[in-house]
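Q: return a 3D structure for these sequence lines:
(chains A, B, C, D and E)
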Amino acid sequence: MTTAAPNYELLQQEGLETSLLEISMGPHHPSTHGVFRMDVKLDGETVVELRPVFGYLHRNHEKLAENMTYLSSMPFTDRLDYFNSMTNNWAYALAAEKLIEVEVPERAEYLRVIMAELTRLVNHVTLVGFFVNDLGALGTPLMYAFREREKILDLFEQASGARMMCNYFRFGGLRNDVPEGWLDRTRELVDRFPAFLDEYEQLLCENEIILSRTQGVGNLSRELAVNAGITGPMLRASGVNYDLRKVDAYGIYDRFKFRVPYTDGDTGDCYDRFMIRMLEMRESVAILKQALADIPEGDIIGKVSKVFKPKPAEAYGRIEGPKGELGFYLIADGTTKPYRYRVRPPSLINLTVLRDMCLGGKIADACIILGSIDIVLGEVDR
Amino acid sequence: MSLELIKDILLATVPLLVIFPSLFAFTTWMERKALARIQNRIGPNKIGIPCTRIGLFGLGQPAADGIKMIFKEDIVPRGADKLFHLLAPILALIPAMLILCFLPLEFPWGKFMSGQVQAFLLDSAVIFFFAISGLATLAIFMAGWASRNKYSLLGGMRAVAQMVSYEIPLVLSAVVVVMMAGSLNAKEIADVQTGFNWFVLTPWGLAAFIVFFVAALAETNRSPFDLPEAESEIIAGYFTEYSGFKFALFFLGEYIAMFAISGLAVTLFLGAGDGPFLAVAPWLSVVWFIAKIFGLIAVMIWLRGTLPRLRVDQLMAFAWKFLLPLSIFNILLAGMSHHVTVAYPGTTAQVVTWTVSLVGMYVMAKGLDKISRSTAKPREYLYAE
Amino acid sequence: MSILGGGIFKGMAVTLRNFVGSYFSKERFITTNEYSWRPESELPQSIGDYPKEEGEQLSDTTTVNHYSRNFPMLLHDTGEPMDTIRCVACQICERECPPQCIYIEKSTEKKENADGKPQFYPAKFDIDVSVCMSCQICVEVCPFDAIVMNSQFELSTPDRFGGLLVRRDDLLKSNDYYHKIHPQEAATRDERMAADKAAKEAKKKAAAEKAKAAAEAKAAAAEAANESKEDTE
Amino acid sequence: MTQEITFWVLAVIAVLGALVAVRRRNLIHGVFALMIFFAALAGLFLLLLAEFIAAVQILVYIGAVGILLLFAIMLTERVTGDDARDITSRGSFWGWVAALAVLVFLLLPAIQSADLPQTTEPYNPSVKALGQQMMNPYVVTLEVLALLLTAALIGAVAASQGGEKKKEDADDA
Amino acid sequence: MSELFHESLLNEFPEALWDEAAGAVILPGANALAIAEWLLASGWDYCSNVTGVDYLEAEVKEKITNDAGETETVTRTEPGRIDVVYHLYSMANKTGPLIIKQRTGREGATVKSLTPVWRSCDLQEREVYDLFGVDFKGHPDQRRILMWDEFEGHPMRRDYIEPFDYEWEPTAHTEILEKHQRGKVIV
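A: Predicted structure coming up:
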């Protein structure tokens, strides 16, 4: 929050150049993906100064978790990045499983990978839709994205009971097995998805207006990206080949053959970030095909009591979420409640470089650079 | 004051004031239905015959919107310039309605059956058209300035810059047709094109039509050029602070301007009112005219459903560095092909000039495109195992 | 793209295909909601002819089967609700509920429940539906399978204060209603309960036999002890 | 009969527009009043059946000059126009005297002595004739004018470009 | 590699301590920045996570063998402290976490800011400043990030008491809340 309310009078500048126009692209703005505010100073159309303001959706998620048992704060992780509740659950389950010895059965591991990759599809398809919507296409790509997202959300509802707030992962496996017929419906969806992706790419990837609007806008160099802790598709668009599914190989990702798209690092602009997400969707489909092919039968959760007391220890579990590295840092003190519960939010840390990328660009560029970073305010403000 | 004169004027102008606003209502419905279908939605289908459940494909939706707009509260910001805040929507509507009269539409009743006397059978109809359609720029600027709101100020500035710089390609591409038709009078231009030799079927006519259509899109702030009302960047641009009926007036103004400009495009390029079966029923010319206008508007809606928006500086560069040189080159081509066909009558010269002008036009367009947008092309990506 | 504006024309071709497709192929026109546990014929064809009986809600028809969940409901076996209620007011769910929206007042005296054992029952069992986030933690931690997720979502009330506090009697639903809305989940839950009950009986029988055997062994030992005592005297 | 009425109406609008343009303190109101004046003038031209001149009047004066004025007001600083600077007109008496002098000594004699042509044959202006005229006797003046305008255009671009150049040099240095 | 690495770190900078339980290196206040630069130079180019942890004043019962050789429990009051934990990773050679901690007292908590070395600590250190009240020396733009500027107090501290919420309206949920308040004691 800025200290004094920024004065909305036209700043009186000496000399004859035009005065700076100070706009607060405020919490209530169509293209800030939630309650996020940017205090922007404009010289004509060019952005001279940009200051992000957070905190509108802050509900102190971490203090809540300190007063509840490990299991009770699992449904709250859905509300972090409310687009990808499955991957939030998995990160939290992964961190907690490091505190207690529990053996996750095979079927649960396969289902975890399937749910995570379906969530990645949902996130990337909707992000590309919102990104092009910021560019000005009146909702058509977004509606196609939502049409595909509906199908996947129906699968989530039939498996976990809720479309977005799934609360489906448990420490040592999953809450309940998928109903029969679910795997066939998922196979059918995964087989039809590449056809939709081809149509989506034909609509967007060679469109001259998108090419000229996004190329060369919001350049992020490789060194700044690594130093600023950028992770996820944004980092790979800036030329660093760093994907936690390959680096940590958590879960059973090492059994699947898939590729990680990245660039050679000389541009790293909005177009790269947009294209990396389009290509990652194809890789997720490849993983889903392999996982759905050889998923075994078996029980769904390991032997662990619902409310457990882990030995005093620290654990930092992290996964490759659709937005970047989502990490949970738990400190256990022997009681049923975590002593400290910390979420490493990829959206917030990816915003560190927002100002560096937007300065010098136009106001229209600032909107699409924010769109290309892909933030969700539930995770930024926690 | 001879009553005869008053009757003639009323007979000419009243149908315009009645037909086109109702066409406006139909177009809003058509736009929402078409956009919905493009996005695999249904679009409005609930409001049909009032107080019943019959949906009638939502045809009652424009009426409902109109009534809603009338009863919506009309909020005027405290710092706003009351007088100009009120005047802006009216000034946006007047030029749009005025230029409708210059279109060579012969309504089939009364003395005009024979079509000689038409309300505004002016010699310099085309110049009047561009002069009065320039006034809309003023209205938008006045709206942007009077609302005392930063976003509408930005929208207003963008609108003025855009419309001023797109009026020149618009006029220049019309100059080609006026040159070839030899007259500024809309009626004579229409007569030259009767019998299916529309100007759009000639190569320089086609090029001029494309430039004219793109510039018309920018003039009426439609799809790829809807920067003044870019909702993702500057909320709703110049009409952020408008609500209630003033908001509806702006929309009426925008749609009627769309009708007028596509009407002119039809007159200049698509042979206004010319079509089959005219000998049988001469009143069909009005039907063909309005059908062609709706054809163009359908393309505008289709573009709105597909294309994203240009950035301000790209918009300017596109106008000055691409459309303007193209239209000037097109005038040269048209002149050259006219004199060659006059000098060497016969079909061989005709074919030669046509191929030369078509190829020349395309090469010129590709060259200009390469200069202005050299780097933007799809890229290849690396994959790590 | 070689020709000028090629990308734009390709994009327009896609939107045209979708425009035309939305009239013909079902794939491009997914707006109907065809999930329901009721057969097609019983579904309302238009909003006009529903709800049929008083109190029946549209949401009873259009809910997703399998595991869709909205707000909790208390289960009672077949018969008069308060006699066959499963909940014994152990208040585990009240403690574990993350947003703390359950309020239980234990009954003072015990009452016979379905299979004859005197049990406590909840005198008051309120769920504040405006606070509940339908996360199903209460269903997991409940040892008696007494609380399950319902999929009814038409709970809007004009009264902001008391209206959204659902009392115990509105929460109580019969087990066969549960079988109707979530057939598969209800089936697995009933099997597991039957299996637990059988296991408990088996264990009880085994314990009883062991106790009998131990008693006989003790008796035999006692006889052996006093026989040996008699020998030693 | 209708011509006289429309003439007087347009004349009054023109005079009022000019007056408001001069007296109004808010500059933006002034500019818009000026445009009303131009529009009334175009109406008068239409009355004289000189439709080409009327169209050009609207196109050039309202479409270009008006917007140019608005841009000028927009871009210059601290001239938003609605602050309360009072326009003092100290020497208004001598102003009236000068105006009367011009009216009496210049205008009235000119009006009396001018012999207005009382032609009777119908005068039908046509744009074609105007075009013909422009081509054969006056084609040289047309070309010179065109060159002059292009030079002005290029000059304007150079002047505005120059500004950026200076600033860029300042930034680079 | 990270397990071995902290040995080379410890012998490079002897004044750093090694906390076996947490597997973390505790940096001394003085040259924390120098150590950080050295770490960045030796390949730890990515600081993933910055966390504040608040420990209250606590009595700790320890079994120590006193001079007479038997073990007896001695209660020692552990002073309250705030740890700022940094998780470092190396993107270059893809190696696991190296955890470093900076320790400071609860009153007037000041710590060296590592933003000049890793820019990813920028917003996260501002959050620790906002929620824990730890002052980061050398932070380029230290302001409150999540709370509004006129907010007093640091909510994530264990001894934080919520201010009276005057806008709160009684609803049917009040009785439920009171019951839970009675039952639950905030630790």
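
Q: excluding its backbone neighbours, what's nearest the residue of the stretch 151-300 of chain A found nearest chain C?
A: Closest residue of the stretch 151-300 of chain A to chain C, CB to the nearest CB: residue A:206 (3.4 Å). Placement of C-beta: from N, CA and C, glycine included. Once flanking residues are discounted, residue A:206 sits nearest to residue C:7: 3.4 Å by CB to CB, 6 or more residues apart in numbering or on different chains.

Q: check the one you found and give its pLDDT.
A: pLDDT for residue C:7: 84.

Q: that one: neighbour count?
A: Residues contacting residue C:7 under the criterion other CB atoms under 10 Å in any protein chain shown number 23.

Q: looking at it, it is touching residue A:211, isn't it?
A: Yes. Residue C:7 is within contact range of residue A:211, at 7.1 Å (criterion: CB atoms under 8 Å).

Q: lowest average confidence, helix or strand, in chain B?
A: None of the helices or strands of chain B scores lower by mean pLDDT, DSSP states H and E than helix B:231-234, at a mean of 74.

Q: check chain E too.
A: Lowest on mean pLDDT, DSSP H and E among the helices and strands of chain E sits helix E:2-12, with a mean of 71.

Q: okay, and for the chain, where does confidence drop off?
A: Picking chain A for this. Low-confidence segments of chain A (pLDDT under 70): A:1-19.

Q: chain C is the one I meant
A: Looking at chain C by pLDDT under 70, you get C:1-3, C:30-40, C:42-66, C:227-233.

Q: closest point of it to chain D, which residue?
A: For chain C, CB to the nearest CB, closest residue to chain D: residue C:4, 27.2 Å.

Q: before we move on, what about chain E?
A: Of all residues in chain E, residue E:140 sits closest to chain D, at 23.9 Å by CB to the nearest CB.

Q: elements contacting the longest helix seen in chain C?
A: The residue-count maximum for a helix in chain C (DSSP state H) belongs to helix C:183-232. Counting contacts by 3 or more CB pairs under 8 Å, 6 or more residues apart in numbering or on different chains; DSSP states H and E, helix C:183-232 packs against helix C:175-181.

Q: could I get the contacting residues of the nearest residue to residue B:70 once chain neighbours are set aside?
A: Leaving aside its chain neighbours, residue B:70 sits nearest to residue B:245 (5.6 Å; criterion: CB to CB, 6+ apart). Under the criterion of CB atoms under 8 Å, 6 or more residues apart in numbering or on different chains, the contact list for residue B:245 reads B:69, B:70, B:72, B:74.

Q: those strands in chain E, which residues are they?
A: For chain E, applying DSSP state E gives strands covering E:17-19, E:24-27, E:46-55, E:58-65, E:71-78, E:81-90, E:95-105, E:110-112, E:135-137.

Q: in TSV, list those strands along with mean pLDDT and mean neighbour count.
A: Below are those laid out as TSV (pLDDT from 0 to 100; neighbours: other CB atoms under 10 Å in any protein chain shown):
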stretch	mean pLDDT	mean neighbour count
strand E:17-19	79	14
strand E:24-27	85	22
strand E:46-55	91	24
strand E:58-65	76	9
strand E:71-78	78	10
strand E:81-90	91	23
strand E:95-105	87	19
strand E:110-112	90	21
strand E:135-137	91	16
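
Q: so who does the residue of chain E found nearest chain B touch?
A: Scanning chain E for the residue nearest chain B gives residue E:94, at 11.6 Å (criterion: CB to the nearest CB). Residue E:94 makes contacts with A:242, A:247, as judged by CB under 8 Å, 6+ apart.

Q: ok, now how distant is it from residue E:43?
A: 10 Å (CB to CB, to the nearest Å).

Q: what do you get for residue B:364?
A: Taking CB to CB, one finds residue B:364 at 56 Å from residue E:43.

Q: elements contacting the helix or strand harbouring residue C:93?
A: Following DSSP states H and E, the helix or strand that holds residue C:93 is helix C:92-96. Packed against helix C:92-96 by the contact rule (3+ CB pairs under 8 Å, 6+ apart) you find strand C:102-106, helix C:137-141.

Q: so what touches it?
A: A:69, A:71-72, A:307, C:100, C:102-104, C:137-138, C:141-143, C:147, E:183.

Q: show me how to select, in PyMOL, the buried members of those residues.
A: This is the PyMOL syntax for the buried subset of the contacts of helix C:92-96, where burial follows 16 or more other CB atoms under 10 Å in any protein chain shown:
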select buried, (chain A and resi 69+71+72) or (chain C and resi 100+102+103+104+137+138+141+142+147)
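
Q: ok, residue A:346 touching residue A:232?
A: Yes. Here residue A:346 reaches residue A:232: they are 5.7 Å apart, a contact under CB under 8 Å.

Q: separation between the residue in chain C positioned nearest to chain E and residue C:151?
A: Closest approach between chain C and chain E, counting by CB to the nearest CB: residue C:165, at 3.9 Å. According to CB to CB, residue C:165 stands 20 Å off from residue C:151.

Q: still on that earlier bit, buried subset of the contacts of residue B:245?
A: Buried residues within these, defined by neighbour count using 16+ other CB under 10 Å: residue B:69.

Q: what is the nearest of the contacts of residue B:245 to chain A?
A: residue B:72 (19.9 Å).

Q: spit out the contact partners of the closest one.
A: Residues counted as contacts of residue B:72 (CB under 8 Å, 6+ apart) are B:243, B:244, B:245, B:247.

Q: helix, strand, or coil at residue B:262?
A: helix (DSSP: H, G, I helix; E, B strand; the rest coil).

Q: shouldn't it be in contact with residue B:293?
A: Yes. Here residue B:262 reaches residue B:293: they are 4.9 Å apart, a contact under CB under 8 Å.

Q: tell me, what's touching residue A:346 and residue A:232 both at once?
A: With CB under 8 Å, 6+ apart, residue A:346 and residue A:232 have common neighbours A:321, A:323, A:324, A:325.

Q: what's the first helix or strand after the strand or helix carrying residue A:283?
A: Assigned by DSSP H and E, residue A:283 belongs to helix A:270-293. Next helix or strand after helix A:270-293 toward the C-terminus (DSSP H and E): strand A:313-321.

Q: list the pairing partners of that next one within its sheet, with orientation.
A: Paired neighbours of strand A:313-321 in the sheet (DSSP bridges): strand A:324-332 (antiparallel).

Q: which secondary structure elements does the next helix or strand after the strand it pairs with sit against?
A: Using DSSP H and E, the helix or strand that follows strand A:324-332 towards the C-terminus is strand A:338-344. On a contact count with 3+ CB pairs under 8 Å, 6+ apart, strand A:338-344 meets helix A:61-66, strand A:324-332, strand E:46-55.
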